[in-house]
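**Student:** quick one, fold the following:
(chains A, B, C, D, E and F)
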There are 4 protein chains.
Amino acid sequence: MPSAFEPRKTPVQARAAITVEAISEATIQVLLSHGAERLTTTRVAERAGVSVGTLYQYYPNKQSLLFAVLEDHLGKVTAAVEAACKRARRKRLSRMVKEVVEAFVDAKMERTDISIALYQIAAEVGGPALVKRAAECSLKALEAMLGTAPNAASPPDRFAIQMMFAAMAGATRSVLEAGASPAMVRKLREHLVLLCQSYLAATENSVASRSSD
Amino acid sequence: MPSAFEPRKTPVQARAAITVEAISEATIQVLLSHGAERLTTTRVAERAGVSVGTLYQYYPNKQSLLFAVLEDHLGKVTAAVEAACKRARRKRLSRMVKEVVEAFVDAKMERTDISIALYQIAAEVGGPALVKRAAECSLKALEAMLGTAPNAASPPDRFAIQMMFAAMAGATRSVLEAGASPAMVRKLREHLVLLCQSYLAATENSVASRSSD
Amino acid sequence: MPSAFEPRKTPVQARAAITVEAISEATIQVLLSHGAERLTTTRVAERAGVSVGTLYQYYPNKQSLLFAVLEDHLGKVTAAVEAACKRARRKRLSRMVKEVVEAFVDAKMERTDISIALYQIAAEVGGPALVKRAAECSLKALEAMLGTAPNAASPPDRFAIQMMFAAMAGATRSVLEAGASPAMVRKLREHLVLLCQSYLAATENSVASRSSD
Amino acid sequence: MPSAFEPRKTPVQARAAITVEAISEATIQVLLSHGAERLTTTRVAERAGVSVGTLYQYYPNKQSLLFAVLEDHLGKVTAAVEAACKRARRKRLSRMVKEVVEAFVDAKMERTDISIALYQIAAEVGGPALVKRAAECSLKALEAMLGTAPNAASPPDRFAIQMMFAAMAGATRSVLEAGASPAMVRKLREHLVLLCQSYLAATENSVASRSSD
DNA sequence: CATGAATGAGGTTTCATTCAT
DNA sequence: TATGAATGAAACCTCATTCAT
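**Tutor:** Modelled structure (predicted):
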């Protein structure tokens, strides 16, 4: 089922792959330098060193271009989380959390420019849906992993995992938008691990509904 | 200091005030029904029941309209947090956190439609800067409050507070974008309190840099 | 016969006269500071210290305002020329020319800002017609005066007078647009007298159609 | 030096050149039929038989279009004057004047419609500056030429040349705006030659500051 | 009478997309 | 297949003019 938002042709030739990559990269650059509002297909093509016509050979319309870039990034981050989840199965809870959090942060920080640029697309129409779908995958992987924790009285419930993931995303975004200096990224990794660990531990002990005070 | 993004005239007459309010409200509605990409000044004016010209009597351009709405919302949330911080001074740490978190969530949930609509604006050019400025205020209030905690060995450092606030924002956003049913909002309040409490407690005990495992 | 371009009400009261004067003056100022393209009735009213509504009490539309200002200026210059022509009747030709030219230059230079500002209006639709009508009057006065010259073999023909007047206007404009410093104005007066005198003398001797070379 | 008012792209293909020419010509036509006030880019494009978008591919904005047309015309006239000045070097003064004046008038009259249309643009903001720059060139050429006159006691000073040129422009304009019938143009050529010749002769003899009477 | 908020037609400019070369 | 000129709908914004207060 060919959707209106999927790339038009799978680049079988090497040259095509290079072109697509250039366009993709150019999209990020234009997003950063001009903002989503002023991103135009012509500008992207120009920056990529190709003509608009060529751009339209690979993407049927502007939306598909934006979504492709966003999906690519989300896919990479999700894959990193899933891989970490797989690797960390059956380890101790705190270890699990540490490895996944670090995998997430590292994936996000590998190309800070991309991460920052895409916040703009993520907020546009259709963006939240894509993000949600990606999050769903990470969530599923997290849930599966946490179910294998040996020392857990009972695995954290779905809502707690969502909370944790949202906190991870929120904290990472905050650091990203503040500039993401190496020092801050280091602190983020450490603090985020701590935050998630302590939160999961807390939800285990207390049924959250009995929040004293 | 009259900037290019500030409202053009302060409505002195009663009718004008109504008009401005209608435009502001219409902006939210259009944002929700059409998305930021397809929000046009004409559409906003139409929805508000006035002519475009009238809109431009109060806002010098589209950006200023969007920013005004965003700033209004951020201002309200910030004010709620600041008030809660003031009220909770000298209470126990866990109590402080609970009150502030609940104030934040309540402020965000008072008009879920506005909160959701504005995520789109917050991501556009200039939006992050506005959000950052508002966050700075909340952060300062939080810091001041936490410094008055009686049973704290030492108040949490700035970075930890930033982490906590970012987690609050991220978790709230996640729930908002998932629909924000009353049940979910209730769980959010409880879990977020727990998350923040446990995190702050954890940072107090362990110097984060010594995260074992 | 009330035309669409004439002032709406003759200011009988003193206050009204002041208002009209203020609007008239403001028009010049806006013309100079913003240009004809960006002259708006609101801006003129603002500058004049009255409301747009008031402006429309005295002028039925923007055109009438512009034309009134232009006509006022043209009228003054024309009157100055006519008066000079009357005064110089029966004097020697060179004397006639000198007095008229100086009267013209002086009238134009009395308010250089007005003269400069109005070149913009004079070029707009309808402007040339007004200018032409005013020129016609000056031309008639010049012709009448020159007919009384005692020592002239035969009075200069109509075309020569037109040429002379056009040269006067052109030279004056050139100096005006170059800044019209007092020194330049002085030189203009002298040279323009010379130019007109020598031209008329030349047309008298040679029938222009026999221009040798 | 790429300014905001320079053409966007130089047409390399033959068709593009035709398009640019059509737009340029349409500008004149609209200027004549509607006036500068009511000249709109849409109307120009329509008249040129292209879409607005095409117009904006060659001119970044309305001003640049207007200025381009004006500069083109001024350039042609200036070139004609400069060429005449070069040709007339070392001839007798009266001959010089005759040739230059006729070259100027002929250049202006080659396309009377263009000359008339552009008076409107010349008066707008920025127009006078363009005109002045062009005049400067003609003036320089005139000065250089007059310096080579064999029979001149001393070459006319700069101000006199300015006066003469301004008179030429003024007289020509006057005829142009009066309809510029062939008969009138013929008379203009003859009278203007006479006027300039007699003026220059007069400045040579009398130091203007001693204008008796 | 004076005011100035409201109007909305219309102007300028952009930009996604197509298609002849 | 790649190009980039052309398109024209649609966005933003202005401003002459009116009219309720």
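
**Student:** tell me the pLDDT at residue A:212?
**Tutor:** Note on residue A:212: pLDDT of 44.

**Student:** and the residue of chain A nearest chain C?
**Tutor:** Among the residues of chain A, residue A:38 lies closest to chain C, at 26.0 Å counting by C-beta to the nearest C-beta. Backbone N, C-alpha and C define where each C-beta goes, glycine included.

**Student:** list the contacts for that residue?
**Tutor:** Neighbour list for residue A:38: residue B:125 [criterion: C-beta atoms under 8 Å, 6 or more residues apart in numbering or on different chains].

**Student:** swap in residue A:131?
**Tutor:** A:74, A:122.

**Student:** give me the mean pLDDT for the helix or strand hosting it.
**Tutor:** Following DSSP states H and E, one finds residue A:131 within helix A:127-146. In this model, helix A:127-146 has a mean pLDDT of 97.

**Student:** list the buried residues in that helix.
**Tutor:** Under the neighbour-count criterion of 16 or more other C-beta atoms under 10 Å in any protein chain shown, helix A:127-146 has A:127-128, A:130-131, A:134-135, A:137-139, A:141-143, A:145-146 buried.

**Student:** next one: stretch A:85-100
**Tutor:** Counting neighbours by 16+ other C-beta under 10 Å, stretch A:85-100 gives A:85, A:88, A:91, A:93, A:94, A:96, A:97, A:98, A:99, A:100 as buried.

**Student:** now, those that are in helices?
**Tutor:** The helices, defined by DSSP state H, take in A:85, A:88, A:93, A:94, A:96, A:97, A:98, A:99, A:100 from these.

**Student:** got the contact list for the closest residue to residue A:203 other than its chain neighbours?
**Tutor:** Distances taken as C-beta to C-beta, 6 or more residues apart in numbering or on different chains place residue A:160 nearest to residue A:203, at 4.7 Å, with adjacent residues excluded. Going by C-beta under 8 Å, 6+ apart, residue A:160 touches A:199, A:200, A:203, A:208, B:191.

**Student:** spell out which parts of chain A neighbour DNA strand E.
**Tutor:** With C-beta under 7 Å from any atom of the strand as the criterion, chain A meets DNA strand E at residues A:38, A:39, A:40, A:41, A:42, A:52, A:53, A:56, A:61, A:62, A:63.

**Student:** make JSON lines out of those residues and add secondary structure.
**Tutor:** Formatted as JSON lines, these follow (DSSP: H, G, I helix; E, B strand; the rest coil):
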{"residue": "A:38", "secondary structure": "helix"}
{"residue": "A:39", "secondary structure": "coil"}
{"residue": "A:40", "secondary structure": "coil"}
{"residue": "A:41", "secondary structure": "helix"}
{"residue": "A:42", "secondary structure": "helix"}
{"residue": "A:52", "secondary structure": "helix"}
{"residue": "A:53", "secondary structure": "helix"}
{"residue": "A:56", "secondary structure": "helix"}
{"residue": "A:61", "secondary structure": "coil"}
{"residue": "A:62", "secondary structure": "helix"}
{"residue": "A:63", "secondary structure": "helix"}
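
**Student:** quick check: the two most widely separated of those residues?
**Tutor:** A:38 and A:53 (21.3 Å; C-beta to C-beta).
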